[in-house]
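Participant: Need a 3D model of the following:
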Amino acid sequence: MLWSFIAVCFSAWLYVDASYRGPAWQRWLFKPVTLLLLLLLAWQAPMFNAISYLVLAGLCASLVGDALTLLPRQRLLYAVGAFFLSHLLYTIYFASQMTLSFFWPLPLALLVVGAVLIAVVWTRLE
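Facilitator: A predicted model of the protein is given here:
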């Protein structure tokens, strides 16, 4: 498990280094490789149950979104959709681990604020 973590960190470091001073092919290589290694690291989790597949699906959606950001600008909206899907899957996973019996109005208020913000942004799109 430690070697997997070191591989993820090293690949991420190579991507960041390539973003600042390396050739473009290194960015194209190490951006998806880092997420693939992170996906494999999550797959090796010792406490892996059925609901944990949401995290793996979120990482896969993030991988698709990162791959789409490497393509021309016309694909950027698809990348945003993939990142939205990944965040939605992460939210469902973490919300399934919570109990809302302690203070349920706060998540409800945040959900309402999020819905209002999405409605405002959606009406201003071209």
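Participant: How about stretch 62-70, which residues are buried there?
Facilitator: 62-69 (16 or more other C-beta atoms under 10 Å). All C-beta atoms are positioned from the backbone trio N, CA, C, and that covers glycine.
Participant: what about Met47, helix or strand, and which?
Facilitator: For Met47, there is no enclosing helix or strand under DSSP states H and E.
Participant: any idea how far it lies from Ala67?
Facilitator: Met47 sits 29 Å away from Ala67, going by C-beta to C-beta, to the nearest Å.
Participant: Quick one: name whatever helix or strand follows the longest helix seen in the chain.
Facilitator: In the chain, with assignment by DSSP state H, the single longest helix is helix 76-97. Using DSSP H and E, the next helix or strand after helix 76-97 towards the C-terminus is helix 105-123.
Participant: Extract the CA atoms of that next one and return them as CSV.
Facilitator: In CSV, the C-alpha atoms belonging to helix 105-123 read as follows (Å, rounded to 0.1, in the frame of the first residue of the first chain):
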residue,chain,number,x,y,z
PRO,A,105,-31.7,21.9,8.5
LEU,A,106,-28.1,22.7,7.6
PRO,A,107,-27.8,20.2,4.7
LEU,A,108,-31.2,21.2,3.5
ALA,A,109,-30.3,24.9,3.5
LEU,A,110,-27.1,24.1,1.6
LEU,A,111,-29.1,22.1,-0.9
VAL,A,112,-31.5,25.0,-1.5
VAL,A,113,-28.6,27.5,-1.9
GLY,A,114,-26.9,25.1,-4.4
ALA,A,115,-30.2,24.7,-6.4
VAL,A,116,-30.6,28.5,-6.5
LEU,A,117,-27.0,29.0,-7.7
ILE,A,118,-27.4,26.4,-10.4
ALA,A,119,-30.6,28.0,-11.6
VAL,A,120,-28.9,31.5,-11.7
VAL,A,121,-25.9,30.2,-13.6
TRP,A,122,-28.1,28.0,-15.9
THR,A,123,-30.1,31.1,-17.0
